[in-house]
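Engineer: dropping a prediction and its sequence here:
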Amino acid sequence: MLKSVPGAEDLVELALDMRWSWSHASDKLWGQIDPELWEITHNPWVVFQTASPAKLNQLLSEKGFRKEVNRLRTNQARESNPVAGSDTEAWFQKSHPDSKLKTVAYFSMEFGLSEALPIYSGGLGNVAGDQLKSASDLGVPVVGVGLLYQQGYFRQVIGADGSQRAVYPYNDPSQLPILPLRDSAGEWLRVRVQLPGYAVWVRTWEVKVGRVRLLLLDSNDPANPPVHRGITSELYGGGTEMRLQQEIILGIIGYRMLHLLGIAPDVCHLNEGHAGFAVWERARVFMEKTGLPFDVALLATRAGNLFTTHTPVDAGIDRFPAPMIEHYLRWYATQILHIDVNDLLAMGKLNPADPNEPFNMAYLGIRGCGAVNGVSQLHAQVSRKMFSNLFPRWPLEEVPVSCVTNGVHVPSWDSGESDALWHKACGSDRWRQDLDEIESQIRTASDNDLWKMRCANRSHLVDSVRIRNKRQESSIGTWVATEDKEKHLFDPNVLTLGFARRFATYKRPNLLLHDPERLIRILTNASQPVQLVVAGKAHPQDHDGQAMIQQWVQFSRRKEVNGRVVFLSDYDMSLAEELVQGVDVWINTPRRPWEACGTSGMKVLVNGGLNLSSLDGWWAEAYDPALGWAVGDHQGSADEAAQDAAEANQLYSLLENTVIPLYYRRESNGIPVSWVAMMRESMARLTGQYSANRSVREYTESYYLPAAEAYDKRTGNNGDFAVQLHAKQTALRTHWQEIHFREFATSSDEHGTSFRAHIYLGAVRPEHIRVELFADNPGSAPFIAEMCRTSELVGIAGGFVFEARVSTGRPPSDYTARIVPALETLAVPLEETQIRWQR
């Protein structure tokens, strides 16, 4: 078809670049080709392939259409190949022109880029997709690695009785904006993976995401038996064994694919533990290059690995029975890594000697990476407690889990009206550079402009709710068409609340239904009415979650509700976009501290929506009474039923006494000035702070750049530094038990306190340890100061004197001394957990 349609190759280049999923510059173009199909799918590649050659010829021969195609292709080329010093030069190139960081490989089980590529489930995929998009905007050299699912995550159908039904439509690769990944010879890259008793061929695909690439793997190769073609059939389905097979493909074969393509990442970012096996394969490649043994290769390469945990509860971590890991990976351990399988298993266990302990993928991530982070401040605290057993005798505050709070890719979630308002205030490049000015710039937006934007967004949502609800009810035979019903389902002038989440018990999606009659009174108040849109899926195996969905559907159909509540089925990125753009208030009610971060509430910020949420995840650090409303407190409760009752009452009271009256308190011009003031404050203070622009820059400067430096140092000269470091670490571990305190003395005067420690190090070299003075600081980071080596103990080989002086007014008894490892580039306690306390 391309040969018969001159100029069609330009449409192909545009359709296969998923920049269209956030720039929207080409929307009108695809709408001209097939308006109906574009409206339904928002997939340019489907629109292009469905059009006849005659239709494409006709459009491309029209001067206006051809001019628009040329303009879009010129802009695409400028964005993809920015020139230094030009207006398209990205933040990373401007800010770090001499960086060693050339490639970050970002591994994730799911990526949420668009509903046109349904390989995502929810929050984890949205974070991954938004970070890829922001990496493109900022010019950070990232390549994504994921899986292409034949069916992906299930699609939701709501039955006539309100129950959820799961369906699994086939993801036809020819209809997705992807292409086969070809090697330098032009052949489709297929990677062979050895599994017990058989080999599986894994195909590779490429997705263009602006300046960055996403590489996908799938097992649906015709050379495989049917049972093995289905390994990548479902996301989060199929049982434990299928999950393990998928994670072997993601981690081991994903990294091997990069190696075969000649991509040598400086940093591997593991987005959750699913990709943990990549740390082994990265070490294997380095072993192959240098001839070094596995333990040295792992020490060399782990410096360039980052593990991000998204799981706030221990039960949410992927675990596999140890015999299953041994069954699938014994060959890999003994024949490829040349280590005993028990040494392999030990990386995923707390007690390697326990044959019944399952293999923990988070433990592997922690032991195979040079840094670990959680995804909100509260989540990092929770994670430090959850993983503290890996770091015995270390204070909880020093368990090595830091924090990068998630953010959202703002251009993917703003409405056209919101984009126009922000463009007017902050310019067109506002989300592609640093965010130093946007807070002051958006404050210049007038009340009139802000309220017009908010009303337009709400009106669009009301139109969408009516269309979706009619389609949804018609499909199950419950729609009864009446003019009154179509007109009065939702009102564009009424305060609109939104709740859309995965339906799981800890997210408490039915907290609003704690007192149904009170909620009905709130919704149907004649003078200050409220309308509520609800959406969300429950995992097919989560019967409690499905029951809560049915409860909402049945509540929405009660006559007394009078069209003020609707449950919209099949919550996906397309529906999420409409909701976060249109609602006035986003409600979120997870049970603290079970929400690692949560990003849906961040998506309403750019659109002038306000948050009413539990103090969990990101809202626990973002909340301020000037910005929105909070449910619950910072403590939580052991009595869940009492907590739910109290917080439901608080939620109702906030709506009745604060939120609703504020919305309906209008000036003579019809604008709720106090409400708009809160909108402006929320937009100014939170939108940039909780954007993926900020989070990706934070990852880059706090993790990627230091990791690339450390990786370069450890792996340079075929790992010479790593060999020396390994020898020092081995000696330190061998002789650590020889270290002890012989004496610890203090002396105080009016100026402070002096501390002196006599320490015996045995065969440990003094430059390989650090002696520290330590004191607890309840509620904040502990006091830590280095004690300096001042002399040797006379007549005692290996004995030294260490001293420190502090000028604080705390009593000497508050302080103790400790000895910790101190080897260059070694992350302590992440890579070396030894510690010796004076008392």
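Structural biologist: Alright, I've got the coordinates.

Engineer: for the spatially closest residue to residue 73 that is not a sequence neighbour, give me its contacts.
Structural biologist: In space, and not counting its chain neighbours, residue 73 is closest to residue 10: 5.0 Å by Cβ to Cβ, 6 or more residues apart in numbering. Bear in mind the C-beta positions are built from the backbone N, C-alpha and C, glycine included. For residue 10, the contacting residues are 69-70, 73, taking Cβ atoms under 8 Å, 6 or more residues apart in numbering as the criterion.

Engineer: cool, residue 96 as well?
Structural biologist: The neighbourhood of residue 96, defined by Cβ under 8 Å, 6+ apart, consists of 700, 705.

Engineer: rerun that using 10 Å as the cut-off
Structural biologist: Shown in contact with residue 96 (Cβ atoms under 10 Å, 6 or more residues apart in numbering): 139-140, 700-701, 704-705.

Engineer: likewise for residue 38?
Structural biologist: Contact analysis of residue 38 by Cβ under 10 Å, 6+ apart lists 27-32, 44, 46-47, 50.

Engineer: residue 615 reaches residue 631, doesn't it?
Structural biologist: Yes: the pair residue 615 and residue 631 passes the contact test of Cβ atoms under 10 Å, sitting 7.4 Å apart.

Engineer: quick check: residue 704 touching residue 99?
Structural biologist: Yes: using Cβ under 10 Å, residue 704 and residue 99 qualify as a contacting pair, with a distance of 8.9 Å.

Engineer: out of the two, which sits in the busier spot?
Structural biologist: Set residue 704 next to residue 99 and count neighbours by other Cβ atoms under 10 Å: residue 704 wins out with 27 against 16.

Engineer: and for the closest residue to residue 781 other than its chain neighbours, the neighbour number?
Structural biologist: Among residues not flanking residue 781 along the chain, residue 397 sits closest, at 5.9 Å (Cβ to Cβ, 6+ apart). Burial measure for residue 397: 12 neighbouring residues, criterion other Cβ under 10 Å.

Engineer: just checking, residue 397 touches residue 774?
Structural biologist: No: using Cβ under 10 Å, residue 397 makes no contact with residue 774, being 11.0 Å away.

Engineer: common neighbours of these two, please.
Structural biologist: Looking at what touches both residue 397 and residue 774 (by Cβ under 10 Å, 6+ apart), the common residues are residue 782.

Engineer: residues in a beta bridge with residue 530, which ones?
Structural biologist: residue 495 (DSSP bridges).

Engineer: then residue 775?
Structural biologist: The bridge-partner assignment for residue 775, based on DSSP bridges, gives residue 783.

Engineer: burial measure for it, as a count.
Structural biologist: Every residue meeting other Cβ under 10 Å relative to residue 775 is counted, giving 17.

Engineer: that one touches residue 784, doesn't it?
Structural biologist: Yes: with contact defined as Cβ under 10 Å, residue 775 reaches residue 784; the gap is 8.2 Å.

Engineer: can you select the buried ones among the contacts of residue 38 for me in PyMOL?
Structural biologist: In PyMOL syntax, the buried subset of the contacts of residue 38 is picked out as below (16 or more other Cβ atoms under 10 Å):
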select buried, resi 29+30+32+44+46+47
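
Engineer: tell me the one of the contacts of residue 38 nearest residue 692?
Structural biologist: Checking the contacts of residue 38 against residue 692 by Cβ to Cβ gives residue 27 as the nearest, at 21.7 Å.

Engineer: mind listing what the closest one touches?
Structural biologist: Residue 27 is in contact with 20, 38, 42, 44, 416, counting by Cβ under 10 Å, 6+ apart.

Engineer: quick one: the helices in the stretch 451-600 of the chain?
Structural biologist: Here the stretch 451-600 of the chain has its helices, by DSSP state H, counting those that start in this stretch, at 483-488, 516-523, 543-556, 573-582, 600-603.

Engineer: list the residues that contact the nearest residue to residue 113 once chain neighbours are set aside.
Structural biologist: With Cβ to Cβ, 6+ apart as the criterion, residue 113 has its nearest non-adjacent residue at 4.4 Å, and that residue is residue 129. Remark: with contacts taken as Cβ under 10 Å, 6+ apart, residue 129 is in contact with 18, 21-22, 108, 110-114, 117, 119-120, 144, 146, 209, 214, 408-409, 412, 573, 692.

Engineer: one step back: and for residue 615 and residue 631, which residues touch both?
Structural biologist: With Cβ under 10 Å, 6+ apart as the test, residue 615 and residue 631 both reach 590, 592.

Engineer: so which of the contacts of residue 27 is the closest to residue 358?
Structural biologist: Residue 358 has its nearest neighbour among these in residue 42, at 41.5 Å by Cβ to Cβ.

Engineer: now that closest one: how far from residue 136?
Structural biologist: Relative to residue 136, residue 42 is positioned 19 Å away (Cβ to Cβ, to the nearest Å).

Engineer: now residue 735
Structural biologist: Using Cβ to Cβ, one obtains 50 Å as the distance from residue 735 to residue 136.

Engineer: the two: which has the busier surroundings?
Structural biologist: With other Cβ under 10 Å as the criterion, residue 735 and residue 136 differ in neighbour count, and residue 136 comes out ahead with 26 against 16.

Engineer: nearest residue to that one in space, please, no chain neighbours.
Structural biologist: residue 210 (3.2 Å).

Engineer: contacting residues for the one you found?
Structural biologist: With contact set as Cβ under 10 Å, 6+ apart, residue 210 has these partners: 17-23, 76, 79-80, 132-137, 139.

Engineer: least trustworthy helix or strand in the chain by mean pLDDT?
Structural biologist: Between all helices and strands in the chain, the lowest mean by mean pLDDT, DSSP states H and E belongs to helix 483-488, at a mean of 61.

Engineer: tally up the residues packed near residue 264, please.
Structural biologist: If you count neighbours by other Cβ under 10 Å, residue 264 ends up with 15.

Engineer: am I right that it is in a strand?
Structural biologist: No: inclusion of residue 264 in a strand is not indicated when DSSP: H, G, I helix; E, B strand; the rest coil is applied; the result is coil.

Engineer: what residues are up against it?
Structural biologist: By Cβ under 10 Å, 6+ apart, the contact list for residue 264 reads 102-103, 105, 258, 282, 285-286, 289, 715.

Engineer: what separation do you get for it and residue 826?
Structural biologist: Using Cβ to Cβ, which is the criterion applied here, residue 264 is 23 Å from residue 826.

Engineer: on the pLDDT front, check the residue sitting nearest the centre point of the chain for me.
Structural biologist: Centroid-nearest residue in the chain: residue 127, 3.3 Å away (criterion: Cα atoms, centre = their mean). Residue 127 carries a pLDDT value of 97.

Engineer: before we move on, what about residue 1?
Structural biologist: The predicted local distance difference test score for residue 1 is 48.

Engineer: ok but residue 825 is inside a strand, no?
Structural biologist: No: with three-state DSSP as the criterion, residue 825 is coil rather than part of a strand.

Engineer: that one against residue 726, yeah?
Structural biologist: No: using Cβ under 10 Å, residue 825 makes no contact with residue 726, being 11.8 Å away.

Engineer: pull up the overlap in contacts between these two.
Structural biologist: 299, 714.

Engineer: so between the two, which is more surrounded?
Structural biologist: Taking neighbours as other Cβ under 10 Å, residue 825 and residue 726 compare with residue 726 leading, 21 against 17.

Engineer: ok, that one - contacts?
Structural biologist: Contact criterion Cβ under 10 Å, 6+ apart gives 292-293, 295-300, 714, 719, 823 as the residues in contact with residue 726.

Engineer: now, the most widely separated pair of those residues?
Structural biologist: Set against one another by Cβ to Cβ, the contacts of residue 726 have their most distant pair in 293 and 823, with a gap of 18.8 Å.

Engineer: what number of residues lie near residue 110?
Structural biologist: Neighbour count for residue 110, taken as other Cβ under 10 Å: 26.
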